[in-house]
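> I would like to see how this sequence folds:
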Amino acid sequence: MSVAPFIVAVWLLLAGLYGVITSRHLVHLVLCLSVMQASTYVLLLAVGYRTGGRAPIFADQPLGTPVVDPVVQALTLTDVVVEATVSAVLLALAVRAHKRFGTADPDRLGELRG
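Take a look at the predicted model:
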């Protein structure tokens, strides 16, 4: 097992976290959160990878053939769908905040009242 995917996952996480911390715009903040989420894709695929593994379709493979983990692939696809949904909702909230307060700077937004 190679450590390269894990290094890439940590790098993506730290790059996204740096962007979130230094962000001065709501859209930039959402994009940095998406970069952080991409680190989970790399991590999940690295965990489920097998050297020499084939696709988990057992109809035409002999017994004992190594295959990659299909559960991890399904989790990664689910993660992609959840990330797209969260990004869409956060971008919609950023647009509404810009319309309401006239700025997309998180520090200049007014107080929220319930």
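
> give me the nearest residue to the residue most central in space within the chain, chain neighbours excluded.
Against the mean C-alpha coordinate of the chain, by Cα atoms, centre = their mean, the closest residue is Gln37 at 2.0 Å. Using Cβ to Cβ, 6 or more residues apart in numbering and skipping the chain neighbours, the partner closest in space to Gln37 is Glu83 (4.4 Å). No exception for glycine: its C-beta is placed from N, CA and C like everyone else's.

> can you tell me the element the one you found falls in?
helix 70-101 (DSSP states H and E).

> and Gly110, what does it touch?
Gly110 makes contacts with Arg100, Phe101, as judged by Cβ atoms under 8 Å, 6 or more residues apart in numbering.

> that one belongs to a helix, doesn't it?
No: secondary structure of Gly110 (DSSP: H, G, I helix; E, B strand; the rest coil): coil, not part of a helix.

> point out where this protein drops to low pLDDT.
1, 111-114 (pLDDT under 70).
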